[in-house]
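> no sequence for this one, just the structure:
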């Protein structure tokens, strides 16, 4: 409106025009809107970007093989991770030749978890509570990293304190795996399966 | 009865204190946010029940893509600078000061030593577009071992140095095995594996432990 008045000819007459007093208050609503939008954004991004980690302790290499292998056959469970999320396992450390290899999965029911719980119960029962379960984990070269983390996690889930990640896979284990693929048998120690 | 006249109050309220608080919060969140590191390879980490957080500082990150490419990164810019100068003099890479600085401000790097000058010519923010073949880890030419040794060297054997492995779900264990072997050869036995959080399956030992620690309200929910 002031603009219109300015265009009138003979501006001198308006010299004394008082400029309109503008309020010093400004509308803060849009600024507040933006501020809260940004707060929401930063709050959501901060909480979502907290990666978790799992600790992994690798055993120091032992020069003298006689210092190793202090695990009793009766308390050991050897788990082999194959390709395509396949899990093979047998009881013992592979010192006795008449092992039987079984095949299982990562399923919540009837998977490797049940095997671990069952074996642990048996170890405690048979040793009168003196021994605890020792798990030996052997991932094959073509196993997925996901499975390795899953089986380590399974140790944490079931409270298995003694476990080792071992690289060497023996030939007889490979033969047993093939046997388990060709002629799968059910694990007789698992009840109700 | 005379009419009671209520004084008319303005509906406008003073927003200034609210705005103050809002901006305070905004500043706090802006400063604390760490943006997702821009990795040169997309890594989908596996899940575990572990709730341990990634260490805050002194991190050495070994990144393994699902195709088996290995990348290496430190979080300390000064150490990175020092590390690259050491490589420069050791392997006669002929890097300029700018290239070394460019390495320090950039993200994870996964190239053989002889490709480093070529890679560091690319500006840090465009480096992820450069096709990086990964750090060689095979036993004949284990450059990852050199990266680790030099990193330990520039940190003067700092015991707080945390080695973190971030590998993809579908990474083959063969690659991870080789990386673990290399770390083990350098007497680095305590490692962190980056995982996503997954809920503890009910009825397991860890679940019972959580219930016992969680107190009464946690157990009430479960019949």
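Sure, I can see it. Note that this is a predicted model, so its numbers are computed, not measured. Numbers count the residues shown, from 1 in each chain, chains lettered A, B, ... in the order given.

> drop to CA atoms for contacts and neighbour counts, all remaining ones
Noted.

> just the helices in chain B please.
B:16-32, B:77-91, B:97-105, B:116-120, B:143-154, B:173-185, B:205-214, B:216-220 (DSSP state H).

> out of the ones you listed, which is closest to residue A:189?
Closest to residue A:189 of the helices of chain B is helix B:205-214 (Cα to Cα; 20.6 Å).

> which positions in the closest one come out as buried?
B:205, B:206, B:207, B:208, B:211 (16 or more other Cα atoms under 10 Å in any protein chain shown).

> pLDDT and distance to chain A for the residues you listed - can I get that in TSV?
Formatted as TSV, these follow (pLDDT from 0 to 100; distance: Cα to the nearest Cα, whole Å):
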residue	pLDDT	distance to chain A
B:205	82	5
B:206	83	5
B:207	84	7
B:208	85	10
B:211	84	13
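
> so which pair among these is furthest apart in space?
Pairwise over the buried residues of helix B:205-214, using Cα to Cα, the maximum falls at B:205 and B:211, 9.9 Å.

> and residue B:182, how many residues sit next to it?
For residue B:182, the count of nearby residues is 21 (other Cα atoms under 10 Å in any protein chain shown).

> what distance do you get for it to residue B:149?
10 Å (Cα to Cα, to the nearest Å).

> ok, residue B:85 next?
In terms of Cα to Cα, residue B:85 sits 14 Å off from residue B:149.

> longest strand in chain B, please.
strand B:190-197 (DSSP state E).

> that one - contacts with which helices or strands?
strand A:52-57, strand B:47-48, strand B:162-167 (3 or more Cα pairs under 8 Å, 6 or more residues apart in numbering or on different chains; DSSP states H and E).

> quick one: which of those is nearest residue A:182?
Closest among these, using Cα to Cα: strand B:47-48, at 31.6 Å.

> chain center to that closest one, what's the gap?
Relative to its parent chain, strand B:47-48 has a centroid offset of 16 Å by Cα atoms, centre = their mean, to the nearest Å.

> that strand near chain A anywhere?
Yes. Legend: contact between strand B:47-48 and chain A by Cα under 8 Å from any Cα of the partner chain is shown at B:47, B:48.

> list the pairing partners of that strand within its sheet, with orientation.
strand B:190-197 (parallel) (DSSP bridges).

> okay, buried residues for the partner strand please.
B:191, B:192, B:193, B:194, B:195, B:196, B:197.

> okay, the third one: pLDDT?
Spelled out, that is residue B:193. On pLDDT, residue B:193 comes in at 90.

> now for the residue nearest to residue B:125 when sequence neighbours are not counted: which residues touch it?
In this structure, residue B:125 finds its nearest non-sequential neighbour in residue B:106, 7.1 Å apart by Cα to Cα, 6 or more residues apart in numbering or on different chains. Contacts for residue B:106 (Cα atoms under 8 Å, 6 or more residues apart in numbering or on different chains) come out as B:124, B:125, B:127.

> what's the first one in contact with, if anything?
What it means is residue B:124. So residue B:124 contacts B:102, B:103, B:105, B:106, B:107 (Cα under 8 Å, 6+ apart).

> tell me, how many residues neighbour the third one?
In this case it means residue B:105. Neighbour tally, residue B:105, other Cα under 10 Å: 16.

> go on, residue B:65?
Using other Cα under 10 Å: residue B:65 sits among 24 other residues.

> if we can go back for a sec, could you give the angle of the longest strand of chain B to strand B:162-167?
Put simply, strand B:190-197 runs at 50 degrees to strand B:162-167, going by axes from the mean of the first three to the mean of the last three Cα atoms, to 10 degrees.

> residue B:121 reaches residue B:99, doesn't it?
Yes. Here residue B:121 reaches residue B:99: they are 6.6 Å apart, a contact under Cα atoms under 8 Å.

> which of those two has more residues huddled nearby?
residue B:99 (22 against 16).

> nearest spatial neighbour of that one, skipping sequence neighbours?
residue B:120 (5.5 Å).

> residue boundaries of the helices in chain A?
A:2-6, A:29-48, A:112-127, A:145-157, A:171-182.

> remind me which residues of chain B are low pLDDT?
Within chain B, the segments meeting pLDDT under 70 span B:1, B:34-37, B:157, B:215-223.

> average pLDDT across stretch A:134-149?
89.

> how far does stretch B:136-146 sit from the chain's center?
The answer for stretch B:136-146 is 23 Å, by Cα atoms, centre = their mean.

> is chain A contacted by it?
No. If you take Cα under 8 Å from any Cα as the test, stretch B:136-146 misses chain A, and the best it gets is 13.9 Å.

> picking up where we left off before, any chance of the buried residues of helix B:205-214 in JSON lines, with distance to residue A:108 too?
Shown next, in JSON lines, are the buried residues of helix B:205-214 (distance: Cα to Cα, whole Å):
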{"residue": "B:205", "distance to residue A:108": "14"}
{"residue": "B:206", "distance to residue A:108": "14"}
{"residue": "B:207", "distance to residue A:108": "14"}
{"residue": "B:208", "distance to residue A:108": "16"}
{"residue": "B:211", "distance to residue A:108": "19"}
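
> closest to chain A out of the contacts of residue B:124?
residue B:107 (17.3 Å; Cα to the nearest Cα).

> which ones are touching that closest one?
B:37, B:38, B:39, B:40, B:73, B:124.

> narrow these to those that are buried.
B:40, B:73, B:124.

> what's the most distant pair in the contacts of residue B:124?
B:102 and B:107 (9.7 Å).
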